[in-house]
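> Have a look at this prediction, sequence included:
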Amino acid sequence: MKSWIAFWSILKKDIKNYYLKPPNISWGIIFPLSWTLMQMIRSSGGVNLSEIREMLPGLMAMSILFGTTSMLAVTITFERKGRSFDRLLIAPISLGTMVVAKLSGAILFGIFNAFVPVIFASFFVDLAGIKWGAVLLTVFLIAITSTLLGLMIAVSAKEVFEAQTFSNFFRFPMLFLCGLFLPISELPIFLRPLSYLLPLTYGTDMLSGSIIGRSMLSPILCVLVLLVFTLALFTLCQYNIRRKWFL
């Protein structure tokens, strides 16, 4: 019971102090919308509505990736710099409970970001035939793995600008390597193995199969790989926290 109370208290504090702030809410809406419009508007200045559904998997995955990594890396780095994070480290709760509580807010924020492009797209194209159960599962798994990547960045960074720099170091290569907008089959052969070492590749493939019915890998394989990434990243984050944050 004490673990549950501690978990809920940390989550509620993070949501109130960070995720429900107007700038963050507006950023969570404007960022996915701006990327959606950028992909819709071509060099000729026209809007291609017929391709919105095909772009939706990439837009959703990208919105999750940027939303989770940005918020978690910045909030934890900010708390560490302000010494308020030290109180959590010495609190009588397990490290796992504290880490899961900090992750949960970013995961919820990432899920919220994911469905902004969906709501926007629903005004322009027919979304019938989408496997919503598979979409929800995939969005949840992508949010978890992306949030854990953000935590890894936060563990290494000491300043907010360092967290943002480290985040971009991981995020922007993923835009081109994970099949978000450029199919992996069109990448140079020497880069394709690297694509399969990134968790977002499997999430994007699942979204493509659920939304547009086109995927390269088995959904079961993608789920298993994402679960392995989740377990490995969570274990690595806990190890780094104990090594770098505890004296």
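Looks like it came in fine.

> After the helix or strand of the chain with the lowest mean pLDDT, which helix or strand is next? Please name it.
Among the helices and strands of the chain, helix 85-89 carries the lowest confidence by mean pLDDT, DSSP states H and E, at a mean of 63. Tracing the chain past helix 85-89, the next element assigned as helix or strand by DSSP states H and E is helix 95-122.

> Work out the gap between the one helix or strand residue 133 maps to and the centre of the chain.
Assignment of secondary structure by DSSP H and E places residue 133 within helix 132-156. Centroid separation for helix 132-156 versus its chain: 4 Å, with C-alpha atoms, centre = their mean, to the nearest Å.

> any idea of the mean pLDDT in it?
Rounded to a whole number, the mean pLDDT of helix 132-156 is 89.

> pLDDT of whichever helix or strand comes after that helix, averaged?
The helix or strand immediately downstream of helix 132-156 is helix 160-177, counting by DSSP H and E. Confidence over helix 160-177, taken as the mean pLDDT, stands at 76.

> Same check on stretch 94-104?
If you average the per-residue pLDDT over stretch 94-104, you get 77.

> List the buried residues in the strand or helix carrying residue 229.
Using DSSP H and E, residue 229 falls within helix 219-245. Buried residues in helix 219-245, defined by neighbour count with 16 or more other C-beta atoms under 10 Å: 219, 222-223, 225-226, 229-230, 233-234, 237, 241. Backbone N, C-alpha and C define where each C-beta goes, glycine included.

> Check stretch 135-155 too.
135, 137-155.

> where does the chain dip in pLDDT?
1, 22-29, 32, 36, 39-50, 79-93, 95, 157, 160-163, 244-247 (pLDDT under 70).

> so where's the longest helix in it?
Of all the segments of type helix in the chain, defined by DSSP state H, the longest one is helix 52-81.

> which other helices and strands contact that helix?
Counting by 3 or more C-beta pairs under 8 Å, 6 or more residues apart in numbering; DSSP states H and E, the packing neighbours recorded for helix 52-81 are helix 22-40, helix 95-122, helix 132-156, helix 160-177, helix 199-211.

> 10 Å - rerun?
When contacts are defined as 3 or more C-beta pairs under 10 Å, 6 or more residues apart in numbering; DSSP states H and E, helix 52-81 sits against helix 2-14, helix 22-40, helix 85-89, helix 95-122, helix 132-156, helix 160-177, helix 199-211.

> would you turn those into JSON lines with distance to residue 75?
Converted to JSON lines, the helices and strands packed on helix 52-81 look like this (distance: least, C-beta to C-beta, whole Å):
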{"stretch": "helix 2-14", "distance to residue 75": "7"}
{"stretch": "helix 22-40", "distance to residue 75": "10"}
{"stretch": "helix 85-89", "distance to residue 75": "10"}
{"stretch": "helix 95-122", "distance to residue 75": "8"}
{"stretch": "helix 132-156", "distance to residue 75": "8"}
{"stretch": "helix 160-177", "distance to residue 75": "9"}
{"stretch": "helix 199-211", "distance to residue 75": "21"}
